[in-house]
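**Q** coords please:
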Amino acid sequence: MKIKKIVLHNIRSYEHQEVDFPEGSTLLSGDIGSGKTSILLGIEFALFGLQPGQRGTGLLRNSEDEGYVIIEFEVDGIDVKVERTLRRKKTISQEACFITVDRETRELSVTESKNFILEILNYPKEFAKKQNLLYRYTVYTPQEEMKQIILEDPEIRLDTLRHVFGIDKYKTILENTALVLSKIREERRVKEGMIFNLEQDRSSVFSKEIELETKKGNSILLEKERFLKTENRKKIQSEKEEISKKKEEKNKIQQEIEKSKLMILTKNETITSNIKTISQLQVQIKELRDMSVDETRVSQLEQELNIMKRDRNFLAERNIYLSSEINSLNSKNQDNENTKNKISRIDMCPTCLQDVGPVHKGNIVNKFDSETAENRKKVDLLTTEKKGLSEKIIDLDRNIVLKEKQLKELTILKIRSQDIPEKERRLSDLEKMNQSISKDVELLKQHLEILNNMVFELSRFDSLFDSKQKELDDALRQERAAEIKLAEIRKEIELYTRQIEELNNRIKKTEEIKEQLNYLIELENWLSKNFVPFISFTEKNVMIKLKSEFSQLFSEWFGMLVSDSFNVRLSDDFTPIIEQQDYELDYSYLSGGERTAVALAYRLALNQVINSILSRIKTKDLVILDEPTDGFSEQQLDKMRSVLEELNIAQLIIVSHEQKIEGFVDNVIKFKKMNGISERG
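**A** So this is what the prediction gives:
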């Protein structure tokens, strides 16, 4: 990786500043507080964004709402441009990042951009969710932070170096293995509890299988018993059905007896009825023969009746005529009266239109009155005559009715006398019918006697039927009891079979659990006795090798910076041990320059070790040193030339306020601050 350019806008003390970085070694020179370190912080922010625990207030210029950093660098001949922005709202937050690769720009989220940078720098992926310690300990480490790791608690420092070296995975593996072992032991206890009843279940299966076989044997016996009971019941039922048929036959015969009795009774009633009818016919024939009809009297009555009806018709017609005349005369009188009333009211004749005087009116009225009186006399005469006619008609009607009655009686007697032959024939038929019916009655009585004998013979089956019904009821109870016993034992067999199946399934599952338990025990033993010791041994060997290489490089770099009177090495927890004339010196008792030399040597040795382990990372040819000579003596400053030459890297960026360093580098970029604003000098 080679940094080519950086642009700071509203970052810390910068309003807007562009800085181009040439190849080789470059010194960022200037007084303390001139903005040199801000350049380094800008580079780190542009690459990785805000780090956990880092606040945007440390980067965004006060009173400004927005700031950004643009960095341009080259990796394996590929030009990369990264632009990150800080924005002040309620808090200061970083916005999306724009990354340009070979003139193709993409907008990425904070996480996506960090992953992209790690990928292009070929940093291990496990650093994606961690602080950018790999960058801090291989490229740029603020000098105070390197001193801090030296003074850190040994366990914390060891964990930090594990992380930087990428071998914290061994500790993670051991910690995860401990968790796995804990889970395995917990699962083992659970499974041991689950197989606790395995032998008891096997014993239960054995005993239940024996009981099941016994019950199956009993089931066969009960099936035979049920079969015998069923056959016995069928036999009795068949016998009962035969007896039942005899009873039905008896019932049919009894019905036939009742039917025959009814027929005898009916025929006897018919004979009795016929005898009564014969007696009546004999009386009627005798009476008819004793009676004689006078044909002359019949003719005389018919003649007299015809004369009376003729006279009566004549009187009726005369009566109608008289009624008509009376009505006509009364109608004329009424018309005369109406005309009189009209004439008395008119003054002019409607026909001739002449005046009608009182005399003329009087003459007309008198005429009408005379005519009316004459009509009334006629009405009285006619009414008297009509009354006489009505009386004669009544007398004639009475005589006609009497004569008709006499004629009717003679006619009936004549007709009845004509029925004697019919009655004699009917009498003969009835006598013959009685003779035939009497024979039928005798035959029916004989048939009835036969039927009664048959009923007597079949009556013995009544008692047999009742006895057989009791036998059948008892056989049904026995059959039902046998079926119940068989059903019960079948249910028990089904229950035992299901229980054995459930127990076998449970045993099968328990045996599977036991196999799992055996696997867990084997796995636990392998992890605790083989895997954990192997990982611990591997980690220890790796750490020993790293410590040896680290300690040697640390001693070499320190020897280049400090006189030969000091010897330095690293302890097992990577703590620097400083010795002088076989006496161990505490780091805090060293001079400022010596402490800086220890920190710089530790930093350079750590850089070399990491780059050797992670040889494929793209930042191994880039080193940034921040005030590496703080507190150095003139002699130590002179030795820095050899140190820088020994580094032999493509791009070196140094921040220092020491002017002497300017002679050790290829390029110098100066900075100054005026009125609180940093800029190039």
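**Q** from what I can see Q282 touches R426, true?
**A** No: Q282 is beyond contact range of R426, at 11.1 Å (criterion: CB atoms under 8 Å). For the C-beta atoms, the positions are set from N, CA and C on the backbone; glycine is no exception.
**Q** Report the distance from stretch 463-483 to the chain centre.
**A** Centroid displacement of stretch 463-483 relative to its chain, using CA atoms, centre = their mean, to the nearest Å, is 56 Å.
**Q** And stretch 520-535, by the same measure?
**A** 50 Å.
**Q** ends of that stretch, how far apart?
**A** With CA to CA, to the nearest Å as the measure, the first residue of stretch 520-535 is 20 Å from its last.
**Q** tell me which residues in that stretch are buried?
**A** Across stretch 520-535, burial judged by 16 or more other CB atoms under 10 Å covers L520, E524, L527, F531, V532, I535.
**Q** for the fourth one, helix, strand, or coil?
**A** The one in question is F531. Classification of F531 using DSSP: H, G, I helix; E, B strand; the rest coil returns helix.
**Q** circling back to that earlier point, now tabulate the buried residues of stretch 520-535 in TSV and tack on pLDDT and distance to K259.
**A** As requested, the buried residues of stretch 520-535 are exported to TSV (pLDDT from 0 to 100; distance: CB to CB, whole Å):
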residue	pLDDT	distance to K259
L520	90	97
E524	91	103
L527	92	107
F531	92	110
V532	93	113
I535	90	115
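**Q** can you list the residues you listed in TSV and add distance to E325?
**A** Output for the buried residues of stretch 520-535, formatted as TSV (distance: CB to CB, whole Å):
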residue	distance to E325
L520	150
E524	156
L527	157
F531	160
V532	162
I535	163
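**Q** List just the nearest of those residues to S323.
**A** L520 (144.0 Å; CB to CB).
**Q** I'd guessed the closest one sits against V190; true?
**A** No: counting by CB under 8 Å, L520 does not reach V190; the two are 10.0 Å apart.
**Q** any idea of the mean pLDDT in stretch 371-381?
**A** Stretch 371-381 comes out with an average pLDDT of 86.
**Q** contacts for the least confident helix or strand in the chain by mean pLDDT?
**A** Lowest on mean pLDDT, DSSP states H and E among the helices and strands of the chain sits helix 143-151, with a mean of 75. For helix 143-151, contacts defined as CB atoms under 8 Å, 6 or more residues apart in numbering pick out 136, 157, 160, 575-576, 587-588, 595-596, 598-600, 602-603, 625-628, 630.
**Q** Please identify the buried residues of that helix?
**A** Within helix 143-151, the residues scored as buried using 16+ other CB under 10 Å are Q143, M146, K147, I149, I150.
**Q** same thing with stretch 225-245?
**A** E225, R226, K229, N232, R233, I236, Q237, K240, I243.
**Q** same check, this time on stretch 3-20
**A** Across stretch 3-20, burial judged by 16+ other CB under 10 Å covers 3-4, 6-14, 17, 19.
**Q** so where's the protein uncertain?
**A** Along the chain, the parts satisfying pLDDT under 70 run over 127-131, 143-144, 288, 290-295, 298, 347-357, 413-419.
**Q** Spatially central residue for it, please.
**A** What sits nearest the mean C-alpha location of the chain, by CA atoms, centre = their mean, is E502, with 32.0 Å.
**Q** Got phi/psi on it?
**A** E502 adopts backbone torsions of phi -60, psi -40, taken as degrees, to the nearest 10.
**Q** that older thread, what is the nearest of the buried residues of helix 143-151 to A487?
**A** The shortest gap between A487 and any of the buried residues of helix 143-151 belongs to I149, at 86.7 Å (CB to CB).
**Q** State the distance from the closest one to R603.
**A** 9 Å (CB to CB, to the nearest Å).
**Q** ok, now M454?
**A** Using CB to CB, M454 is found at 138 Å from R603.
**Q** More neighbours: which of these two?
**A** It is R603, of M454 and R603, that has more neighbours when counted by other CB atoms under 10 Å, with 25 against 16.
**Q** buried sites along the helix or strand harbouring that one?
**A** Applying DSSP states H and E as the criterion places R603 in helix 592-613. For helix 592-613, burial by neighbour count (16+ other CB under 10 Å) applies to 593-611, 613.
**Q** related to what we said a few turns ago, could you check how far the least confident helix or strand of the chain is from the centre of its chain?
**A** Chain-centre distance of helix 143-151: 66 Å, with CA atoms, centre = their mean.
**Q** Kindly calculate the angle that it makes with helix 592-613.
**A** 80 degrees (axes from the mean of the first three to the mean of the last three CA atoms, to 10 degrees).
**Q** any idea which helix or strand comes after helix 143-151?
**A** helix 154-165.
**Q** next helix or strand past that following helix?
**A** Where DSSP H and E defines the elements, the next helix or strand beyond helix 154-165 is helix 168-194.
**Q** If you count contacts, what does that following helix end up packed against?
**A** Contacts defined by 3 or more CB pairs under 8 Å, 6 or more residues apart in numbering; DSSP states H and E place helix 168-194 against helix 154-165, helix 460-526, helix 532-561.
**Q** Of the ones you listed, give the one that comes closest to L212.
**A** For L212, the closest of those is helix 460-526, at 4.5 Å, according to CB to CB.
**Q** Moving C-terminal from the longest helix along the chain, which element do we reach first?
**A** In the chain, with assignment by DSSP state H, the single longest helix is helix 198-290. Downstream of helix 198-290, the next assigned helix or strand under DSSP H and E is helix 295-345.
**Q** What is the distance between the helix or strand following that next one and the centre of its chain?
**A** Per DSSP H and E, helix 295-345 leads on to helix 358-418 as the next helix or strand towards the C-terminus. Centroid separation between helix 358-418 and its chain, computed with CA atoms, centre = their mean, is 109 Å.
**Q** what's the answer for stretch 514-528, then?
**A** Using CA atoms, centre = their mean, the offset of stretch 514-528 from its chain centre is 44 Å.
**Q** Likewise for stretch 616-631?
**A** Centroid separation between stretch 616-631 and its chain, computed with CA atoms, centre = their mean, is 67 Å.
**Q** still on that earlier bit, present the helices and strands packed on helix 168-194 as TSV; the columns should include distance to E119.
**A** Shown next, in TSV, are the helices and strands packed on helix 168-194 (distance: least, CB to CB, whole Å):
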stretch	distance to E119
helix 154-165	19
helix 460-526	36
helix 532-561	26
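**Q** can you tell which of those helices is closest to K670?
**A** Distance to K670, taken as CB to CB, is lowest for helix 532-561 among the helices and strands packed on helix 168-194, at 25.7 Å.
**Q** Which elements pack onto the closest one?
**A** If you count contacts as 3+ CB pairs under 8 Å, 6+ apart, helix 532-561 packs onto helix 168-194, strand 566-570, helix 592-613, helix 634-647.
**Q** For the third one, list the C-alpha coordinates in CSV.
**A** When you say that, I think you mean helix 592-613. C-alpha atoms of helix 592-613 as CSV (Å, rounded to 0.1, in the frame of the first residue of the first chain):
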residue,chain,number,x,y,z
GLY,A,592,12.6,9.8,29.0
GLY,A,593,14.7,8.9,26.0
GLU,A,594,15.3,5.4,27.3
ARG,A,595,11.6,4.8,27.7
THR,A,596,11.0,6.2,24.2
ALA,A,597,13.7,3.8,22.9
VAL,A,598,12.1,0.9,24.6
ALA,A,599,8.7,1.8,23.2
LEU,A,600,10.1,2.4,19.7
ALA,A,601,12.1,-0.9,19.7
TYR,A,602,9.0,-2.7,21.0
ARG,A,603,7.0,-1.1,18.2
LEU,A,604,9.4,-1.9,15.4
ALA,A,605,9.9,-5.5,16.6
LEU,A,606,6.2,-6.0,16.9
ASN,A,607,5.8,-4.6,13.3
GLN,A,608,8.3,-7.0,12.0
VAL,A,609,6.8,-10.0,13.8
ILE,A,610,3.3,-9.3,12.6
ASN,A,611,4.4,-8.7,9.0
SER,A,612,6.3,-12.0,9.1
ILE,A,613,3.2,-13.9,10.4
